[in-house]
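Student: here are the coordinates; sequence isn't available:
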């Protein structure tokens, strides 16, 4: 074996791994997080979990990603351990699809049409189509489809190059004697385990074994234990992902390992036991890529069928291995009692940016409702001060601050991943929304601070001042409701109604400042009272400003930044009929000159 064979082997491996990674990430991107959402919502039965786990893994071509997501589901409380057991079983079967795709490299025939199925024939065509879609298609979906085809082509070409570079090994007695040693079950399992652990991908390690089969030195007795070891090695990624997770998530990762280990033990006993009795004629037969795919599939289907009825027993076994100690229970009870720290999306979801952003949206919705609650309670304080509501607002404000800190950090981590253009816009939207909701909470707290001082010092506004504040507070309540509902429901028309109302709030602030200044000049109000009055209407106006910012985010996501800029540029133009109609309607509704 020359240095050039080694270079071709390493180059083929590089193409193979890069192609697999590119194809897997692009498939995940084009799925748009929908597959993860299906897993989350449709696992009410174990058999359904097996089917879904198989389907999702086959589609996105990454058993590790799906299993890590399952750990994240359990860690975040979205699913219970019993719900993900079926998913993990299905994942093991789904991961065999890659081996079947790679087995196409073993096709040899004099028939032209059959030979076209060999990757050496069609991989270059896929690569060309992929490049055309990548460089000449502007739509995100077609562009991503191009990356899928190009990644698949690289995967197949890398596989072919590895097979070709290894073909010289069949004439090397040293290699043959080395491979024979792996027919020892213990050594074979260890080799498969180590290879998968290093590559962090069972599909990649099975692919390398399929490439090695081109040497003619790999027999069934050699391939069988190596494949079993590869299945155990696939658990390492999931075990690593469970570090720092809660006990149920660790149980999920451990279940994946225990499931595979038990399956390996049963398969070893059955295979070698029957061989001792029946002397399988194929035991020392040379394997092909297709034969390896068959062994891989049969083992995983066998393990799932045999262990499926014992799912509940295996679940209980996980609780025996990882027990809940008193400290954990106490901490959980304390957390549930105080509820000062909001629950945030699990970091394991970040491997699927679109799905992770769906979870961020859910938390942003919680934040929106929290900010709206604080604003409404602060507006009620204009009439009557309540110490109980005061404490509630303080607690909500702490939650809003925690939401901002954690969600901003989470969004930064998502932005470091490979994601679609649409997801980039969503990241910006949610980042702006988080900041605006937190600032709205701050201004609601400012209103309470002012009313707290008035209550303490027994300061009261005049009847006219209270009436004016009541009118402006109703306008603020409506703009807050419209903004929050527009954000939660992605309602573009409702978002469009926010800016006219924000302009009315600005007008109200100017009018109230002018009227109260006159009351101060006439001696109807003290300077101290006047400053408190101005603090409240300033907070009102700033809340409306941040509501306007939220509406702009929604419009931007829906129409694109250029259209949003044009909309905002012309929104105050008197020729904008829709805007002027809404503006005039709000002016009449919140006029301070009518009693």
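Tutor: Structure's in. What do you need? Quick caveat, the model's predicted, so the values are computed rather than measured. Numbers count the residues shown, from 1 in each chain.
Student: Every contact and neighbour count from this point should use C-alpha atoms.
Tutor: Will do.
Student: low-scoring stretches of the stretch 351-500 of the chain, by residue?
Tutor: Applying pLDDT under 70 to the stretch 351-500 of the chain picks out residues 382.
Student: can you map out the helices along it?
Tutor: Here the stretch 351-500 of the chain has its helices, by DSSP state H, counting those that start in this stretch, at 353-380, 387-415, 421-457, 463-489, 492-496, 498-521.
Student: Deepest in the core, which of those is it.
Tutor: The highest average neighbour count among the helices of the stretch 351-500 of the chain, using mean count of other C-alpha atoms under 10 Å, belongs to helix 353-380 at a mean of 22.
Student: Check which helices and strands that one sits against.
Tutor: With contacts taken as 3 or more C-alpha pairs under 8 Å, 6 or more residues apart in numbering; DSSP states H and E, helix 353-380 sits against helix 34-41, helix 387-415, helix 421-457, helix 463-489.
Student: right, so of the ones you listed, which gets closest to residue 300?
Tutor: helix 34-41 (20.3 Å; C-alpha to C-alpha).
Student: Specify the angle between that closest one and helix 353-380 in degrees.
Tutor: Inter-element angle recorded for helix 34-41 and helix 353-380: 60 degrees (by axes from the mean of the first three to the mean of the last three C-alpha atoms, to 10 degrees).
Student: Tell me the gap between the next helix or strand after helix 34-41 and the middle of its chain.
Tutor: Beyond helix 34-41 in the direction of the C-terminus, DSSP states H and E gives the next helix or strand as helix 46-60. From the chain centre to the centre of helix 46-60 is a distance of 18 Å (C-alpha atoms, centre = their mean, to the nearest Å).
Student: ok, now stretch 412-419?
Tutor: Using C-alpha atoms, centre = their mean, the offset of stretch 412-419 from its chain centre is 10 Å.
Student: Next, the distance between the ends of it.
Tutor: 13 Å (C-alpha to C-alpha, to the nearest Å).
Student: okay, the helices and strands packed on helix 353-380 in a markdown table with distance to residue 580 next?
Tutor: Converted to a markdown table, the helices and strands packed on helix 353-380 look like this (distance: least, C-alpha to C-alpha, whole Å):
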| stretch | distance to residue 580 |
| --- | --- |
| helix 34-41 | 41 |
| helix 387-415 | 35 |
| helix 421-457 | 26 |
| helix 463-489 | 17 |
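Student: of all those helices, which lies closest to residue 222?
Tutor: Per C-alpha to C-alpha, nearest to residue 222 of the helices and strands packed on helix 353-380: helix 34-41, 36.3 Å.
Student: now residue 359: how far from residue 73?
Tutor: On the measure of C-alpha to C-alpha, residue 359 and residue 73 end up 11 Å apart.
Student: what do you get for residue 263?
Tutor: 24 Å.
Student: same question, residue 307
Tutor: 22 Å.
Student: likewise residue 293?
Tutor: 30 Å.
Student: phi, psi of residue 78?
Tutor: The phi and psi values for residue 78, taken as degrees, to the nearest 10, are phi -70, psi -40.
Student: Residue 95 too?
Tutor: phi -70, psi -10.
Student: show me what contacts the residue nearest to it when sequence neighbours are not counted?
Tutor: The shortest distance from residue 95 to any non-neighbouring residue, by C-alpha to C-alpha, 6 or more residues apart in numbering, is to residue 63 (5.6 Å). By C-alpha atoms under 8 Å, 6 or more residues apart in numbering, the contact list for residue 63 reads 57, 91, 92, 94, 95.
Student: Can you mark which positions in the helix or strand harbouring residue 313 are buried?
Tutor: Per DSSP H and E: residue 313 is located in helix 311-321. For helix 311-321, the neighbour count (16 or more other C-alpha atoms under 10 Å) marks 311, 314, 315, 318 as buried.
Student: circling back: so residue 307 and residue 73 - more neighbours on which side?
Tutor: residue 73 (25 against 15; other C-alpha atoms under 10 Å).
Student: Kindly provide the distance from that one to residue 64.
Tutor: 14 Å.
Student: go on, residue 273?
Tutor: As judged by C-alpha to C-alpha, residue 273 and residue 64 stand 32 Å apart.
Student: What of residue 308?
Tutor: In terms of C-alpha to C-alpha, residue 308 sits 20 Å off from residue 64.
Student: between these two, which one's more packed in?
Tutor: Using other C-alpha under 10 Å as the criterion, residue 308 and residue 64 rank with residue 64 on top: 23 against 18.
Student: And the pLDDT at the more buried one?
Tutor: Per-residue confidence (pLDDT) for residue 64: 81.
Student: still on that earlier bit, which other helices and strands contact the helix holding residue 313?
Tutor: Judged by 3+ C-alpha pairs under 8 Å, 6+ apart, helix 311-321 is in contact with helix 81-94, helix 247-278.
Student: Run the angle between the longest one and helix 311-321 for me.
Tutor: Just to be clear, that refers to helix 247-278. Using the same axes, to 10 degrees: helix 247-278 against helix 311-321 is 120 degrees.
Student: quick one: helix 247-278 to helix 81-94, angle?
Tutor: 50 degrees.
Student: what's the following helix or strand after helix 247-278?
Tutor: helix 289-307.
Student: Give me the angle between that following helix and helix 46-60.
Tutor: 160 degrees.
Student: Show me how far helix 289-307 is from its chain's centre.
Tutor: 30 Å.
Student: Contacts made by it with the rest, please.
Tutor: Under C-alpha under 8 Å, 6+ apart, the answer for helix 289-307 is 89-90, 92-93, 96, 99-100, 102-106, 206, 209-211, 213-214, 223-224, 227-228, 259-260, 263-264, 267.
Student: cool, and stretch 347-358?
Tutor: Taking C-alpha under 8 Å, 6+ apart as the rule, stretch 347-358 contacts 28-29, 32-34, 36-37, 65, 68-69, 71-72, 241, 345, 410, 413-414, 417-419, 423, 426-427.
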